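> Could you work out the structure for the sequence below:
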Amino acid sequence: MKTIFGTHSGAFHADDVFAIAALSLLYPDYEIRRSRDPQVWAQCDFLVDVGGHYTHAEKVYDHHFKDGPAYDDGLKMSSVGLIWSHYGAAICGCPEVADRVCRRLIRQFDAIDNGVTLTRHLEEFSDVREISLSGSISMMNPQDHAKTDDAFADEVVRARLLLKASIANARHWIGSRAGLETALREALAEARAYILVPEDCKWPEHLFNSNGNESILYAVFPRDEKWFAQAVPSSPGSFSNRKDFPAAWAGLCDDAFSEVAGVPDGIFCHQGLFLCATGSFESTLKLVDDAISA
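Residues are numbered from 1 along each chain as shown. A predicted model of the protein is given here:
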């Protein structure tokens, strides 16, 4: 028997799309009924973004009323935040993964749906406007209102794919913690200003959250049979670095980079001086040692 998800008809937004998508990960055999008729709602197993109240025992998850549900920090929840607060751990199979997905994905929908501004206007680029994930979903509302239900169903499928990717990324990020901790412990023991991290290790955020990280300037790691060195940002999310690679390397590739950097197998140095690569571990270590000494 199909699980019936009920939500409002008409224009859709990211919070109702992602709320239904999240539930569909738990109940993959489902049907969506979009209506503003309470008689239709009475036939549904879950109500999302409609109903006039929030009652978990009745599986009604509305937030459109005064003093609606909120997180501990005061951010008000939208319908997807309500669904995630009750079912996120079951969807992800792990509370820590669910919390990561909530902080990295879900809460932005709660904020935007409750009128919180997440971006700022750039005076120097007055014609630039960011299209947020929420905004892109709203853009998918068809001009022909008769096609809205089909468009909503399509957006649920897309949102489910994004949720799956977010869950996988969260698991990978959590699993990277041990690799970073080992790399940092070894670097500190050997008084090195660089860490050697495993391939595909999601290290930057874990590094900033670790004691003793302040002395680390670079990370070295393999990828696709190449060896990379990356400068540690000056702060989380920053585009500046604790220490750039030498300015003479900026934007060089292949033979030109090899000649200037003094290695036989140079591949490139990014013009932003935060990333470079060679064909061997030894050459990339030389780049890092030279950058530290510069």
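> Would you map the strands across the stretch 101-250 of the chain?
194-196, 218-223, 226-231 (DSSP state E, counting those that start in this stretch).
> Go through these and name the closest to residue 187.
Closest approach to residue 187 among the strands of the stretch 101-250 of the chain (C-beta to C-beta): strand 194-196, 4.7 Å. Bear in mind the C-beta positions are built from the backbone N, C-alpha and C, glycine included.
> any idea of the mean pLDDT for the closest one?
Average pLDDT, strand 194-196: 98.
> for it, the distance to its chain's centre please.
Offset of strand 194-196 from its chain centre (C-alpha atoms, centre = their mean, to the nearest Å): 25 Å.
> Okay, now the sheet partners of it, with direction.
Strand 194-196 sits in its sheet next to strand 218-223 (parallel), going by DSSP bridges.
> which parts of the strand it pairs with are buried?
By 16 or more other C-beta atoms under 10 Å, the buried positions in strand 218-223 come out as 218-222.
> That strand vs strand 226-231, what angle?
160 degrees (axes from the mean of the first three to the mean of the last three C-alpha atoms, to 10 degrees).
> Offset the numbering so it begins at 5, please.
Sounds good: first residue 5 from here, last item strand 222-227.
> got the contact list for strand 222-227?
For strand 222-227, the surrounding residues in contact (C-beta atoms under 8 Å, 6 or more residues apart in numbering) are 187, 197-205, 207-208, 211, 231-236, 247, 285, 288-289, 292, 295-296.
> same question, stretch 21-32
So stretch 21-32 is in contact with 7, 9, 11, 34, 36, 50, 52-53, 65, 82-84, 86-88, 91-92, 94-95, 110, 113, 141, 156, 159-161, 163-164, 166-168, going by C-beta under 8 Å, 6+ apart.
> Look up how far residue 129 lies from the residue nearest the centre of the chain.
When C-alpha atoms, centre = their mean is applied to the chain, the residue found nearest the centroid is residue 108 (4.8 Å). In this view, residue 108 and residue 129 are 26 Å apart by C-beta to C-beta, to the nearest Å.
> ok, now residue 113?
26 Å.
> Between those two, point out the one with more neighbours.
residue 113 (27 against 8; other C-beta atoms under 10 Å).
> Would you mind confirming that that one is in contact with residue 79?
No - here residue 113 does not reach residue 79: they are 11.0 Å apart, not a contact under C-beta atoms under 8 Å.
> hang on, the earlier thing: need the strands of the stretch 105-254 of the chain in TSV with distance to residue 71, can you?
Output for those, formatted as TSV (distance: least, C-beta to C-beta, whole Å):
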stretch	distance to residue 71
strand 198-200	48
strand 222-227	47
strand 230-235	47
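> mind checking which of these is nearest residue 46?
strand 222-227 (54.8 Å).
> Extract the CA atoms of the closest one and return them as CSV.
Output of strand 222-227 as CSV, limited to C-alpha atoms (Å, rounded to 0.1, in the frame of the first residue of the first chain):
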residue,chain,number,x,y,z
TYR,A,222,50.0,22.9,3.7
ALA,A,223,48.4,19.6,3.0
VAL,A,224,49.8,17.0,0.7
PHE,A,225,47.6,14.2,-0.9
PRO,A,226,47.4,11.9,-3.9
ARG,A,227,44.7,12.0,-6.5
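> rewinding a little: out of the strands of the stretch 105-254 of the chain, which comes closest to residue 265?
strand 230-235 (10.9 Å).
> Beyond the closest one, next helix or strand please.
For strand 230-235, the succeeding helix or strand toward the C-terminus, using DSSP states H and E, is helix 258-265.
> Summarise which helices and strands that following helix is packed against.
Helix 258-265 sits against strand 270-273, helix 285-297, with contacts defined as 3 or more C-beta pairs under 8 Å, 6 or more residues apart in numbering; DSSP states H and E.
> gap between residue 171 and residue 26?
10 Å.
> repeat for residue 292
43 Å.
> and the residue lying closest to residue 47 once chain neighbours are set aside, bridged to which residues?
With C-beta to C-beta, 6 or more residues apart in numbering as the criterion, residue 47 has its nearest non-adjacent residue at 6.4 Å, and that residue is residue 8. Under DSSP bridges, the beta-bridge partners of residue 8 are residue 35.
> That concludes my questions; thank you for your assistance.
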